[in-house]
Structures are given as structure tokens and as C-alpha cells.
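Student: Sequence and predicted model, in that order:
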Amino acid sequence: MYVPAITYNQVTGTNIHVITPIVCIICIFYTCVGGLKAVIWTDVIQSFVMYGSILTVCIKGTYDVGGLGVVLQRNQASGRLNAPDWSWDPTVRLSMLSVIVGGTLHKIQSSDVNQVSIQRFLSLPSYKHAKQSMLIFTVLLIFLLSCCCYIGLVAYAVYHDCDPISTKLAKASDQLPALLMMRTLGSIPGLPGLFVSGVFSAALSSLSTGLNSMACVISQDMVRPMLRKPLTERQTALLLRAIVVIFGIFCMALVSVVEKLGMVLQLATMTSAVAMGPLLGIYTMGVCLPWMNGRSVLTGSMVSFTTLGWICLKSQLAQMHGEIRYPKMPVSIDGCDYTFDNVTAWQTIHNYTPSTDRNIYHLSFYWYTALGGVICTVVALLASLVFGWQDVSQLNPTLITPCMRRFLPKKDYQAVDLEELFSRKAQAEARKMAESSE
């Protein structure tokens, strides 16, 4: 909620601590009332608004600076149209290796191997529909990220001779899109509201999805096993809504913390990787290493979570205290046509020097998920020497990735297509429900 809050603050001047509770309460309300169906339908509507707003800013911003050629020329002249560094150093913030390998593993986990995605896949009628939705999601995600990158190019082309961060026109780099929007669309009635609604749509979509998934996980995997008798439908609904409300309030409180921790993209990637790394390791072992037992996997995940949490915390504290300073691209204030503190702006540009020390806390944020997955897997393998190995003689081979099935004990199994497997499962559940109703 921090990103739409600062966007709304940039447009209207409203304090972010005023708008955040209002929007969070709205999100909590429709998540509690409508459940997964309401979340998915609002996500669909919000996606159209989000794509429409970002395309509007891209097109209008490009037109205002003189066309695509001007955007590319100004960014090329400042060295911004460059590929990631070809370096094996994991502390380089954006290297080719970290973007391709680390970024791929991060996106695999965030898009495929988590509760949010699995919950939606399971809500679809068949395995075929799940594959189709994954394909469409991947194409649209690539398009969205490409638009976000292009907005960055447009922003520099617009402010190439008057950097708003150095002049303190924008308090943080996260406010640049909102500042760009007000400059390009501010004179057209309704379009600033379209952009703000697009930012809010993206945030509300993520928040409602997370709250809904969190409620399902806690109720099914933590609360339900501890109960002696199952909850009634009404009790389950009240429990889910209580969980949504509690975590929604927790999200509101965290806005005050997030605003002091630097760039949102890097912060989100680092903090989410604390959980994503262990989850990636757990999923990898689940489909590739069926010999691992639960205690070994739990040990590996706890060690991975603790290690990544410590690294992430120390890294954020070091950035807050100025101990970690990443290299910045050159900016200029020679073309500014408004009043600002020249001394402060000059010091901001010329007195900044990137840090030269290198340690584990300088690790690129793209490597966090990969590091967590590796730590989880290695520690779990070592823990298996203590806790023993899982008996795979009764394991269903369809749950294991095809390339590892050759190492399972040979049995006379009938080959079953995954879609047929889901169909059989649905039929069995339908027969069970019919028998219970009789």
C-alpha cells in the first residue's frame, strides 16, 4: 500500500498515513465479504485499469518529449541503455548472471511455487485451463514489466536536464512515476485519476490476493489440525474473516516502516525472498528428491529462513545508515526552471560516492531467492543423515518430476495423464459427496 499512498500524496498532497487506512479498510471489506471469487473478479477489473493507465502514460510521455527517437537518444547519451554487467561477482547489483539466473528463479517462485498461484490453479476446472492461464499470465507479465521499464526511460527523457530528486521536488525515487504523470497528464481532466486508480488497482490486487491466501493457509494448515472436531461452515467463515482483518491491520502498520527502507522494488524483492527462498527449496525437494523426510525439510527451511532474514535485516540497516551505497547514473540540474536549494542539489549530485566494501550484505537482491533455495536443500540433505530417509516404496510416481521417476523402485504402474488424474480425483470426490448426502 506504500506505493499508491505516495502516488496519491504526490497528486493531492494528502498524507500517506491518512489514505492508507481508508484503502486498506476497503480492501479488507471486499476480501472478507466476497472471498476468492470477489478477489479474482476485482483482480480482473483492476488489471484493465492498471494496463490502461500505464499505456496512457507511456504514449503521452513519449509524444511530449518528441517521439521514441528522442527518448532513446537521451537515455543512450547518459549511458542508461546498457546491458547488465558481465560479472561473476554476486555483489554487483545488476549483473547478467543475477538477472538471468537469480531473476528467473525468483520469478519461478513468485509466479508458480507459492500459495497465491497454486490456489488459483486449483480453482480452475482442469489441468488444461491451468496451463492456458499460466501462458496468458506469462505473456501479460512480460508486457507489463516492459512497460514499467519504458516508463523509466520516459521519465529520464523528460527530466534529463532537471533531476527532481536532486532538487527535492520528489522526496524519493518511488515518487517519480507520479511526478511524471502529473507533468504529462495533469492538464487533461480525468487522466491523473486514471493513473492513480491504476496504481491503486495494482496494490489492491496484490493485497487482497495475499490476505485471501494467508487466511486459507492459516485456517487449513495451522488451525484445522489442532482442532478435535471440524468447524462448522459459519465458524470457518468467521475464522477466515478474522485472519483477513488481523493481517490487514498489520499491513497498515507496516507502511510507517516501509517508507524508511529505500526503493520499493528492491525492498519487496529482498523481503519476499526471505520466505520465497525456503519455499523454492521445499518445492524442489518435493518434486525432485522424494527421499527427503519432513523433519529434514523443516530443518533446512528454518535454517534458510533464519539466514536470509538476518542478511536482509543487516542489509537494510546498512543502507539506512549509508554504509551500503550503490553506484548511480549521472543526472543534471542545468535546465531547471523553478527555485530550489542549489547548494543542497549540488552536494546531492557531487558528494555521493558508492561504497567500495564488499561482504555478504552487499549481495544482489536478485540472488536472495536462489540462495535461500540452495541453503534449504543443502541443509535438508545434511539433516537427512541424522533423521534418515523417506520410504518411497509407496510413493505415487505422478507426484515426482518425470526425469526423477527412473530412480524410484520399479513397479507395475499404469501411465495416467495429469488431466485424467485430476478428472478421476474430481469424480471420486463427487461420488463421496453424493454418498454422504444420502
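Tutor: Sure, I can see it.
Student: Let's verify Asp357: helix, strand, or coil?
Tutor: Each residue gets one of three states, and Asp357 gets coil by DSSP: H, G, I helix; E, B strand; the rest coil.
Student: what's the nearest residue to it if we skip its chain neighbours?
Tutor: The spatially closest residue to Asp357, leaving aside those adjacent along the chain, is Glu323, at 7.8 Å (CB to CB, 6 or more residues apart in numbering). No exception for glycine: its C-beta is placed from N, CA and C like everyone else's.
Student: element containing the one you found, please.
Tutor: With the criterion set as DSSP states H and E, no secondary-structure element contains Glu323; it sits in neither a helix nor a strand.
Student: what do you get for Arg228?
Tutor: Taking DSSP H and E as the definition, Arg228 sits outside all helices and strands.
Student: That one: neighbouring residues, count only.
Tutor: For Arg228, the count of nearby residues is 4 (other CB atoms under 10 Å).
Student: Point out where the stretch 201-350 of the chain drops to low pLDDT.
Tutor: Low-confidence segments of the stretch 201-350 of the chain (pLDDT under 70): 201-206, 255-271.
Student: pretty sure the residue nearest to Asp357 is touching Ser355, no?
Tutor: Yes. Glu323 is in contact with Ser355 according to CB atoms under 8 Å; the separation is 6.6 Å.
Student: a helix runs through Ala428, doesn't it?
Tutor: Yes. Residue state for Ala428 (three-state DSSP) corresponds to a helix.
Student: In contact with it, which residues?
Tutor: By CB atoms under 8 Å, 6 or more residues apart in numbering, the contact set of Ala428 is empty.
Student: for Thr14, helix, strand, or coil?
Tutor: coil.
Student: show me where pLDDT drops low in the stretch 51-200 of the chain?
Tutor: Scanning the stretch 51-200 of the chain for pLDDT under 70 picks out the ranges 172, 198-199.
Student: just the helices in it please.
Tutor: Along the stretch 51-200 of the chain, the stretches classed as helices by DSSP state H, counting those that start in this stretch are 68-77, 96-97, 103-111, 115-122, 127-158, 176-185, 191-217.
Student: Val23 reaches Phe200, doesn't it?
Tutor: Yes. With contact defined as CB under 8 Å, Val23 and Phe200 form a contacting pair (6.5 Å).
Student: between those two, which one's more packed in?
Tutor: Phe200 (24 against 18).
Student: Now do the more buried one against Leu207, distance only.
Tutor: When distances are taken as CB to CB, to the nearest Å, Phe200 and Leu207 turn out to be 10 Å apart.
Student: Same question for Leu385.
Tutor: In this structure, Leu385 lies at 42 Å from Leu207, with CB to CB as the measure.
Student: Give me the more crowded residue out of the two.
Tutor: For Leu385 and Leu207, the more surrounded residue by other CB under 10 Å is Leu207, and the numbers stand at 21 against 9.
Student: residue contacts, Pro290?
Tutor: Gln390, Val392, Leu395, Leu399, Ile400, Met404, Leu408.
Student: Phi and psi next, for it.
Tutor: Main-chain torsions, Pro290, degrees, to the nearest 10: phi -70, psi -10.
Student: May I have the phi/psi pair for the residue nearest to Gly335 when sequence neighbours are not counted?
Tutor: Nearest non-adjacent residue to Gly335, counting by CB to CB, 6+ apart: Asp161, 3.0 Å away. Dihedral angles of Asp161 (phi, psi; degrees, to the nearest 10) stand at phi -110, psi 10.
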